[in-house]
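J.: Quick one, fold the following:
(2 chains)
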Amino acid sequence: MTGDTVLEISDLSVVYRTPAGDVRAVDQVNLSLHTGEVIGLAGESGSGKSTFVYGATRLLRPPALVTSGSVRYNGRRLAAQAGPADVLRMRSDQLRRLRWREIAIVFQSAMNALNPVLNVRDQLTDVMHAHQDISRGDAVDKALTLLDLVGIPRERLRSYPHELSGGMRQRVMIAMALATDPEVVIMDEPTTALDVVVQRDILTQIVELKEQLGFAVLFITHDLSLLLELADRIAVMYAGQLLEVGTSREILREPAHPYTRGLLNSFPSLHGPRRELAGIPGSPPDLRNLSPGCPFLPRCSYGTNACKEIDMSLKPVTSSHDPYHETACPFVLPDAVLPPTGEVRS
Amino acid sequence: MTTPGGTITSAAAARGPLAMEAISLSKDFKLGHGQTLHAVRDVSFNLYSGAVVALVGESGSGKSTAARLLTGQERLTSGTIKLGGEPVHVSTHRAFRRYKSQVQYVFQDPFASLNPIHTVRYHLERPVRLHQRGAAVEPVLATLMDQVRLTPARQFLDKYPHELSGGQRQRVSFARALAAQPSVLLADEPVSMLDVSIRLEMLALLNDLRERLRLALLYITHDIASARYFADEILVMYAGQIAERGPAEEVTQQPKHPYTQLLVSSAPDPDNLGSTLRAGAKRDPRKASEGIPAQGCPFSPRCPLADDHCRAENPALTQLSDTRSAACWHLDEAGKERSSSS
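T.: Model prediction:
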């Protein structure tokens, strides 16, 4: 935990209204982001990680509905004027000032997120004109600086999206996010569609830019192995709830939740000796009929009857080196004696 | 240009008899304006019953085109495919059907490869009726469902794809491929669309099917780490050519070709805990805009070892040991740089 809290999301719940009743996509999730920090939000598809982040930034449309919670934004610029503000209660003009200027997003699919009929210069200056008072000439200068920052040759300024490779398009997306010097950059699977070599290149760049410009990053991905390398802290999400939060080191060395352990045993590693891989049996739950208690219970090899009625709030892991390491599982802690991890159950 | 695959022994050969041979396969696509894309260039490999050969490469490397050549979905520009020692000539519908009952393909995306308006039963009945003529359909379906562990079969057979999870859908795709009782299974990124926690189980299932049914398996993937665990032999493809081949563990642990080295060092390494990223790890020297050069080694624009020789002449696959070969002019230096840096 490096700097001050810049974004504090408390008790956020999001439901999807359906004729058959509400589907609880995000259930009372707390997460705070500090300046200069990279937080990784890990979860499988349908775990609610994108819904959570888009809910917190008010980007969801009906039938999604934020039912409770608060999102306190405490950026340096805004704090000087008015103090922390709750994003969920902002008027539309306040929200307009917050968006992109303070919190910018790098969307997953650069192919769809870029406008195919605008060239790189227009995409970048468009963002600046929409959110800042800036002259045309200054905006173009800034666009050139941004291209330098993300490692795209300046002569690409007039290229159209279809003339760029996938990696370059993603870099343009990152440049767009940085165009207004935001305090928080949300990255939603920014490298998922890219080849590993390009992916590493872009991640290195993100870390460099973060060090240089001092923004905080909320990085959403399904790839835990990537987060372990990239993030300062990792939050593991499952069925709309956080199951564990801790520093990358703690998550890797002393995972406290059985699901995190399962995930860590699920990806084959290229480096080091061949490990025994186990995987997680079963498949993620259907949020439409979630039974009470721990949502991971049907797939958990340590589960007991007590899990059917446990309180899913995060509790500190006392044995951890990280004072902020928390888990939702009160039964399996790193110091508890564990049954051996089994073979792949079928 | 390339030494034929005959002299080198495949690391997969120990598992079982030769099932399928791909000999100097090439595929060109005409792009118009007199331009040609060499999607697959002089690629040779063998598939053995009960063994897994992995074709690893990034998007655009030609790995999927190579597989499509084997399925007969694309016509060869040159080269020969042999099945059970006999050259394959797919000239008539009847011959193509016979070929398909031997060689089956599993698609990447289980959400797109199943027809949403038909039940699981429909997807499986058709290949059973086509390829297992005269067999009683119902027991065969039960066996198939059992093989891919969708039990109880009765419960799943009447479901529609939208009622199944991604993993279950991919199991149906496997069952559909197995319905033809193939000897060769070509799996094109069979797990990349699935959640991380399910992938391993699916690979374990494929592995189990390979063993029990003595399938010759071609595993196409961009994920070299999964190939390390799953395959017997790895072929690394770059720009339509084989850059390096050898036993899975050797190729991933002591890569010889500079491209394989780049690929291995780029894969996420959790044990690093950010150290490489934060230290500004060695960046890919390539300018992203540069394409594949018309002559010379296709990897030369990105290669740290490239010199004039590399830019002028394309290296052939050179045999390094009984089971390994690589296509690079600087294999000695590449090996050294690797050992000194690690």
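J.: Look at the nearest residue to residue A:102 once chain neighbours are set aside and say how many residues are nearby.
T.: Beyond its immediate neighbours in the sequence, the residue positioned closest to residue A:102 (Cβ to Cβ, 6 or more residues apart in numbering or on different chains) is residue A:75, lying 5.0 Å away. All C-beta spots, glycine's among them, are computed from the backbone N, C-alpha and C. Look at residue A:75: counted by other Cβ atoms under 10 Å in any protein chain shown, it has 23 neighbours.
J.: what residues are up against residue A:307?
T.: Residue A:307 is in contact with A:293, A:294, A:297, A:300, A:331, counting by Cβ atoms under 8 Å, 6 or more residues apart in numbering or on different chains.
J.: circling back to that earlier point, so the residue nearest to residue A:102 sits right up against residue A:6, yeah?
T.: Yes. Taking Cβ atoms under 8 Å as the definition, residue A:75 is a contact partner of residue A:6 at 6.0 Å.
J.: that older thread, what's the most distant pair in the contacts of residue A:307?
T.: Maximum pairwise distance in the contacts of residue A:307, criterion Cβ to Cβ, is 11.7 Å, between A:293 and A:331.
J.: which residues do residue A:75 and residue A:6 both contact?
T.: Taking Cβ under 8 Å, 6+ apart as the contact rule, residue A:75 and residue A:6 both touch A:183, A:184.
J.: related to what we said a few turns ago, can you tell me which of the contacts of residue A:307 has the most neighbours?
T.: residue A:294 (27 neighbours).
J.: nearest residue to that one other than its sequence neighbours?
T.: Nearest to residue A:294 is residue A:307, by Cβ to Cβ, 6+ apart, at 4.5 Å.
J.: Residue A:3 against residue A:33, yeah?
T.: No. The pair residue A:3 / residue A:33 is not scored as a contact, 9.8 Å apart, by Cβ under 8 Å.
J.: Among those two, which residue is more densely surrounded?
T.: residue A:33 (22 against 13).
J.: Tell me which residue in chain B sits closest to chain A.
T.: Per Cβ to the nearest Cβ, residue B:200 is where chain B lies closest to chain A, at 3.3 Å.
J.: what residues are up against that residue?
T.: Counting by Cβ under 8 Å, 6+ apart, residue B:200 makes contact with A:266, A:267, A:268, A:277, A:278, A:279, A:344.
J.: just for chain B, where's the confidence low?
T.: Low-confidence segments of chain B, defined by pLDDT under 70: B:1-7, B:272-291, B:334-342.
J.: related to what we said a few turns ago, give me the common contacts of residue A:3 and residue A:33.
T.: Common neighbours of residue A:3 and residue A:33 (criterion: Cβ under 8 Å, 6+ apart): residue A:216.
J.: How is the residue nearest to residue A:294 assigned, secondary-structure-wise?
T.: At residue A:307, secondary structure determined by DSSP: H, G, I helix; E, B strand; the rest coil is helix.
J.: Also residue A:273?
T.: For residue A:273, the assignment made with three-state DSSP gives coil.
J.: rewinding a little: so for the contacts of residue A:307, which is the shakiest by pLDDT?
T.: For the contacts of residue A:307, the weakest pLDDT value sits at residue A:331, with 77.
J.: what about the closest residue to residue A:316 other than its chain neighbours, distance to residue A:246?
T.: Among residues not flanking residue A:316 along the chain, residue A:326 sits closest, at 5.5 Å (Cβ to Cβ, 6+ apart). Distance, residue A:326 to residue A:246, using Cβ to Cβ, to the nearest Å: 7 Å.
J.: Is there a neighbour count for residue B:80? I'd like the number.
T.: Residues near residue B:80, counting by other Cβ under 10 Å, number 14.
J.: name the element it belongs to?
T.: Under the criterion of DSSP states H and E, residue B:80 resides in strand B:78-83.
J.: So what's the gap between that strand and the chain middle?
T.: Strand B:78-83 has its C-alpha centroid displaced from the chain centroid by 17 Å (Cα atoms, centre = their mean, to the nearest Å).
J.: other SSEs contacting it?
T.: strand B:18-32, helix B:63-71 (3 or more Cβ pairs under 8 Å, 6 or more residues apart in numbering or on different chains; DSSP states H and E).
J.: Out of these, which is closest to residue A:313?
T.: Nearest of those to residue A:313, taken as Cβ to Cβ: helix B:63-71 at 46.8 Å.
J.: And the contacts of whichever strand or helix holds residue A:29?
T.: Using DSSP H and E, residue A:29 maps to strand A:21-34. Contacts of strand A:21-34 with the rest of the structure, by Cβ under 8 Å, 6+ apart, involve A:1-16, A:39, A:41, A:48, A:51-52, A:55, A:64, A:68-69, A:184, A:216, A:218, A:235, A:237, A:240-242, A:245, A:287-288, A:290, A:312-314.
J.: From these, list the buried ones, please.
T.: Among the contacts of strand A:21-34, those classed as buried by 16 or more other Cβ atoms under 10 Å in any protein chain shown are A:5-10, A:12-16, A:39, A:41, A:48, A:51-52, A:55, A:64, A:69, A:184, A:216, A:218, A:235, A:237, A:240-242, A:245, A:287, A:312, A:314.
J.: So which of these are in strands?
T.: For the buried ones among the contacts of strand A:21-34, the ones inside strands are A:5-10, A:12-16, A:39, A:41, A:64, A:69, A:184, A:216, A:218, A:235, A:237, A:241-242, A:245, with DSSP state E as the criterion.
J.: ok, the contacts of residue A:307 vs residue B:332, which is closest?
T.: Nearest to residue B:332 out of the contacts of residue A:307 is residue A:300 (Cβ to Cβ; 51.9 Å).
J.: mind checking pLDDT for the nearest residue to the closest one once chain neighbours are set aside?
T.: Of all residues not flanking residue A:300 in the chain, residue A:258 sits nearest, at 4.9 Å (Cβ to Cβ, 6+ apart). For residue A:258, the pLDDT comes out at 90.
J.: The residue of chain B closest to chain A - that's part of a helix, no?
T.: Yes. Assessed with three-state DSSP, residue B:200 lies in a helix.
J.: Tell me how far it lies from residue B:167.
T.: 11 Å.
J.: just residue B:322 next, same as before
T.: For residue B:322, the distance to residue B:167 - Cβ to Cβ - is 38 Å.
J.: So the two - more neighbours on which side?
T.: Neighbour count, other Cβ under 10 Å: between residue B:322 and residue B:167, residue B:167 has more, with 21 against 12.
J.: wait, what's in contact with that one?
T.: Each residue near residue B:167 by Cβ under 8 Å, 6+ apart is listed here: A:283, B:194, B:195, B:198, B:201, B:202.
J.: Could you point out the helix or strand that follows the helix or strand harbouring it?
T.: Following DSSP H and E, the helix or strand that holds residue B:167 is helix B:166-178. Going down the chain from helix B:166-178, the next helix or strand is strand B:184-188, by DSSP H and E.
J.: Okay, now the sheet partners of that following strand, with direction.
T.: Sheet pairing for strand B:184-188, assigned by DSSP bridges, gives strand B:103-106 (parallel), strand B:216-221 (parallel).
J.: Quick one: work out the angle between the longest one and strand B:18-32.
T.: It stands for strand B:216-221. Strand B:216-221 and strand B:18-32 are oriented at 40 degrees to each other (axes from the mean of the first three to the mean of the last three Cα atoms, to 10 degrees).
J.: Could I get the buried residue list for strand B:216-221?
T.: For strand B:216-221, a neighbour-count test (16+ other Cβ under 10 Å) marks B:216, B:217, B:218, B:219, B:220, B:221 as buried.
J.: which other helices and strands contact the very next helix or strand once past it?
T.: Helices and strands here follow DSSP H and E; after strand B:216-221, the next one along the chain is helix B:224-230. Judged by 3+ Cβ pairs under 8 Å, 6+ apart, helix B:224-230 is in contact with strand B:52-56, helix B:196-213, strand B:216-221, strand B:233-238, helix B:248-253.
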